[in-house]
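Participant: Give me the fold of what follows.
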Amino acid sequence: MPEETNRPTILMTGASGFLGQAIARRLRDRYRLIGLDIAAPKKPLEGFETIETDLTSDDSVREAVEATRKRSGGRLASVIHLAAYYDTTGKPNPKYDAVNVQGTRRLLAALQGIETEQFIYSSTLLVHAPSPAKGRRITEESPLDPAWIYPQSKAETEALIAKERGGIKTVVLRLAGVYDEDCRAAFIAQQIARIFERLPTAYLFSGDLDAGQPYLHKDDLVEAFVRTVERRADLPEECVLLIGEEETLSYGELQKRFGRLIHDEDWRTLVLPKGLAKPGAWLQTEVLDQDSNIQPWMIESSDDHYEIDISRARTLLGWEPQHSLSATLPEMVRRLKQDPTDWYARNKLEPSAVAASKPEIEQAEERLARPLERSGKEVEAAVKQHRLRTLWAPLSNVALALWLVTSPMTLGLFDPVAAPLPPALGHEIAEAALRNTRLGISEILSGLIVAAFALLGMYRRWLWVQWITAALGVWIMFAPLAFWTTSAAAYATDTLAGMLIVAFAVMIAPTPGISTRALAADDDRPLGWTYSPSSFTQRIPIVALAFVGLFVSRYLAAYQMGHIDGLWDPFFGPGTAPVRNGSEAVVTSWLSKGFPIADAGLGAFTYALDILAGAIGDRRRWRTMPWMVLLFGLLIVPLGAVSVTFIIVQPPLFGTLCTLCLIQAAVTVVLIPYSIDEVIATIQYLWQAKGAGEPFWRTFWMGGPALSENQTPGPDLDRAASKLLKEFIVGGVNFPWTLVTSVLLGTVLMVTPLIFGSAPPLYHSDHIVGCVVILVAVTAMAEVVRPVRFLNVALGAWIAASPFLLSGGGTASAVANVIIGLALIALSLPRGKRSDEHYGSWDRAIV
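Facilitator: Below is the predicted model of the structure:
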């Protein structure tokens, strides 16, 4: 290799990019290379130094060129100008002028102070007008007519170079789209991805299926630049060359080839009229606020066809392509099928979209057939160590059990007692003393059995009996309700003791029943997900809200069972009921009395189960305890629906509302968006694990192995308090202003008599629909179920029509309903801004 000082120097902008690095690899053995870029490459090439430069700054460009002058001895063999701004939106952006045009002007101005033999500009063949007809090739003299902002900026820059080059010889290379065996060509990659994922847009095209444009293999591009540099002395003072393949594959031909290569089927593509396609693309991107790789400007240019004549490049450079797109397509698709996530990442697509695709699941199946991250013996040793460290938990249950055995005497459950019937009772029951006696007997027997099973569960082979202990804890929580006890102390004791027994049995000690395969790896994120939906930062808000619901429900239940004499309600009167306020009227209504137990107590019992089901397991539980996650979801979602239904029926059935019931319902509704992502992740995992060869029911009950590859768990609670607080609030949930406003509109509908003077039946309709609007909008705040918001479109239509179909409204309420209904329809269409989180293949459902 010649000495550094004896080699000619080449200055290259855009040096850190894919093409810059590829060109540098070919030139570095014969030239000294100096790169300019906004940031140095992460893995710099040996012998290729990069100066960080901002092309939008006069000072930055001037200083970079001056540094180059000193290092090169004041002479440059060639300047290769690759740097440019580009995006696919098709919208004007100040960076097109600042970087592409003015950045080139700054560079040329600074180069006037250095002896520069050659300036090579990387342009695009899209500066040309399309071919006038199929079979007629574009030459360098063909008319220029760039169709959108990127090629327009390139054409403007070409004109600037011709004007301000000074004495520097210039070469403009008008390049076709660049590809390699990994694809790298954005539009082809998107076309392949649509077909690979079988997206609806893969079957549609809005232009001429016979139209297309040429492409250029990366290696052929590199060769063109190398020959341009080497023949710099022989080229004209100003030279324009078209560089690309003379073969032009049409969009329709590419569709057919990709269909056969990817899915081994003849792919059918339907032509959609532009009159439909353009409004559809506009609606998708501008109204629905959804991401799309098909922009309105692309539809406008979809008939453009390009064929090029490269005879000038053959003559002046002795260059012609050695590769072809048609010959490279099989290898391109083979690499996609071999590893879809890596292929997507290399093509700047979202890998999560294909993380659970068939090839990835097949790879997971192959990995699962080999030894897992930890052997069964290692897992069992870890479980044994955990059990030995937590033997205090079953012993604590023994202590709680003994407390339960003695509590009937200390709480007076066997003492004679005379008490009025509970105010929420709707059927005949035994006398108060007998009910308490039955509860006392239940506590004694339950305590003895808990003690026995807690001790049995301390033995390694008998760990499974701790589930029996936990089931007994659940019964202890429920027993005071079943026996309608008159003892508030017994009710409180049993609630607390039952919850603690469950926690000590299956939450603190090793949870029985989880397979060693499920515990063999620490992977905690589902395939394609960017976070664990089972992390404690995800679950703590749910548990905290459930505690609020528990406290409110326990208070209501205390009144229903006769433990306290009244309820607090600052807003609603009793209506026609002979009680003091709306809360008392509702919880002693005929509907509440229709339950065999106090319905508020049943709600409290369900909230307690929510707390326990939400707290059990670690951040892998979406795959180690699928049955528990699904049970958790079944506890929350139906409970939310029941709570909202109970609020819905109060005005029409009872003539009043219950403040505490509204608080309870609000808590229950808010639980839904925070819990539903974990349920979806679990369902996804069960389906994927079955595809990877794992037995479904064994996986459902005992958990399954990690399907991901080389995953490192992220931090959970071991983070700064500010980050934890943010995660508590926005973990899997966000708050688009459209949905927040929808919640406010639903709230307004619930109080239309106060604001607009409406009366039944219109008011009852407003109240019912308002409750459902709030439920839908709050649920849709979970990104994974964002499409649920479209239900509010139908509700909005009913709201707008209801004043004309129902009586009870004046002019003000009618106008208000129409406005609210139309506003709700408009607010329910946009998706809202997406967070940075991804949910694997579920991403496509977030529309």
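Participant: Please enumerate the helices of the stretch 701-847 of the chain.
Facilitator: Shown for the stretch 701-847 of the chain, the helices assigned by DSSP state H, counting those that start in this stretch span residues 721-730, 737-750, 752-756, 762-780, 791-805, 811-827.
Participant: quick one, which of those is packed in tightest?
Facilitator: Sort the helices of the stretch 701-847 of the chain by mean neighbour count, taking mean count of other Cβ atoms under 10 Å, and helix 762-780 sits at the top with a mean of 24. Bear in mind the C-beta positions are built from the backbone N, C-alpha and C, glycine included.
Participant: Confirm that Leu612 sits in a strand.
Facilitator: No - applying DSSP: H, G, I helix; E, B strand; the rest coil, one finds Leu612 to be helix, outside a strand.
Participant: Wait, it touches Ala503, no?
Facilitator: Yes - using Cβ atoms under 8 Å, Leu612 is in contact with Ala503, at 6.9 Å.
Participant: So for those two, which sits in the more crowded spot?
Facilitator: Leu612 (24 against 20; other Cβ atoms under 10 Å).
Participant: for the residue nearest to the more buried one when sequence neighbours are not counted, helix, strand, or coil?
Facilitator: Spatial nearest neighbour of Leu612, chain neighbours left out: Val502 (5.1 Å); criterion: Cβ to Cβ, 6 or more residues apart in numbering. At Val502 the chain is in helix, as set by three-state DSSP.
Participant: Find me the pLDDT at the nearest residue to Leu631 once chain neighbours are set aside, would you?
Facilitator: Among residues not flanking Leu631 along the chain, Ala613 sits closest, at 6.0 Å (Cβ to Cβ, 6+ apart). Per-residue confidence at Ala613 stands at 93 (pLDDT).
Participant: one step back: can you count the residues close to the residue nearest to Leu612?
Facilitator: Neighbour tally, Val502, other Cβ under 10 Å: 28.
Participant: next one: Glu837
Facilitator: Residues near Glu837, counting by other Cβ under 10 Å: 19.
Participant: That one and Gly731, how far apart?
Facilitator: 9 Å (Cβ to Cβ, to the nearest Å).
Participant: Give me the common contacts of those two.
Facilitator: Tyr531 (Cβ atoms under 8 Å, 6 or more residues apart in numbering).
Participant: Next secondary structure element downstream of the helix or strand harbouring Arg387?
Facilitator: Assessed by DSSP states H and E, Arg387 sits inside helix 376-389. For helix 376-389, the succeeding helix or strand toward the C-terminus, using DSSP H and E, is helix 392-410.
Participant: May I see the buried residues of that next one?
Facilitator: Across helix 392-410, burial judged by 16 or more other Cβ atoms under 10 Å covers 393-394, 396-398, 400-401, 404-405, 407-408.
Participant: Which other helices and strands does the helix or strand following that helix contact?
Facilitator: Reading on from helix 392-410 to the C-terminus, the next helix or strand found by DSSP H and E is helix 432-456. Judged by 3 or more Cβ pairs under 8 Å, 6 or more residues apart in numbering; DSSP states H and E, helix 432-456 is in contact with helix 392-410, helix 466-482, helix 488-503.
Participant: can I get the ones you listed in TSV with mean pLDDT?
Facilitator: Formatted as TSV, the entries for the helices and strands packed on helix 432-456 read as follows, by pLDDT from 0 to 100:
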stretch	mean pLDDT
helix 392-410	94
helix 466-482	96
helix 488-503	96
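Participant: closest one to Gly704 among those?
Facilitator: Gly704 lies closest to helix 466-482 among those, at 19.3 Å (Cβ to Cβ).
Participant: looking just at contacts, which helices and strands does the closest one meet?
Facilitator: helix 392-410, helix 432-456, helix 488-503, helix 599-615.
Participant: what about 7 Å?
Facilitator: If contacts are counted by 3 or more Cβ pairs under 7 Å, 6 or more residues apart in numbering; DSSP states H and E, helix 466-482 sits against helix 432-456, helix 488-503, helix 599-615.
Participant: before we move on, the earlier item: quick one: closest of the helices of the stretch 701-847 of the chain to Val847.
Facilitator: The closest approach between Val847 and any of these, judged by Cβ to Cβ, belongs to helix 762-780 at 11.5 Å.
Participant: Show me where the protein has its strands.
Facilitator: 9-13, 32-37, 48-52, 75-76, 78-81, 115-116, 118-124, 169-175, 177-179, 204-205, 215-217, 238-243, 270-271 (DSSP state E).
Participant: Tell me which of these lies nearest to Arg539.
Facilitator: strand 204-205 (42.0 Å).
Participant: Domain boundaries for the protein, per the record?
Facilitator: Segmentation of the chain into domains, based on automatic domain parsing, reads 375-512, 514-714, 734-847.
Participant: want to throw these into CSV with distance to Gly207?
Facilitator: CSV is the format used below for the domains of the chain (distance: least, Cβ to Cβ, whole Å):
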stretch, distance to Gly207
domain 375-512, 57
domain 514-714, 32
domain 734-847, 24
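Participant: now Glu727, nearest residue through space, not along the chain?
Facilitator: Thr537 is the one closest to Glu727 (Cβ to Cβ, 6+ apart), at 4.1 Å.
Participant: Which one of the helices of the stretch 701-847 of the chain lies nearest to Thr624?
Facilitator: With Cβ to Cβ as the yardstick, what comes closest out of these is helix 721-730 (21.5 Å).
Participant: Mind giving me the packing neighbours of the closest one?
Facilitator: Using 3+ Cβ pairs under 7 Å, 6+ apart: helix 721-730 touches helix 536-560.
Participant: List the buried residues in the helix it packs on.
Facilitator: Those would be 536-543, 545-546, 548-550, 552-560, for helix 536-560 by 16+ other Cβ under 10 Å.
Participant: hmm, back to that, determine the angle, from 0 to 180 degrees, between the helix holding Arg387 and helix 392-410.
Facilitator: 40 degrees (axes from the mean of the first three to the mean of the last three Cα atoms, to 10 degrees).
Participant: Same question for the longest helix along the chain: list its buried residues.
Facilitator: Taking DSSP state H as the criterion, the chain has its longest helix at helix 659-691. Under the neighbour-count criterion of 16+ other Cβ under 10 Å, helix 659-691 has 659-662, 664-686, 688-691 buried.
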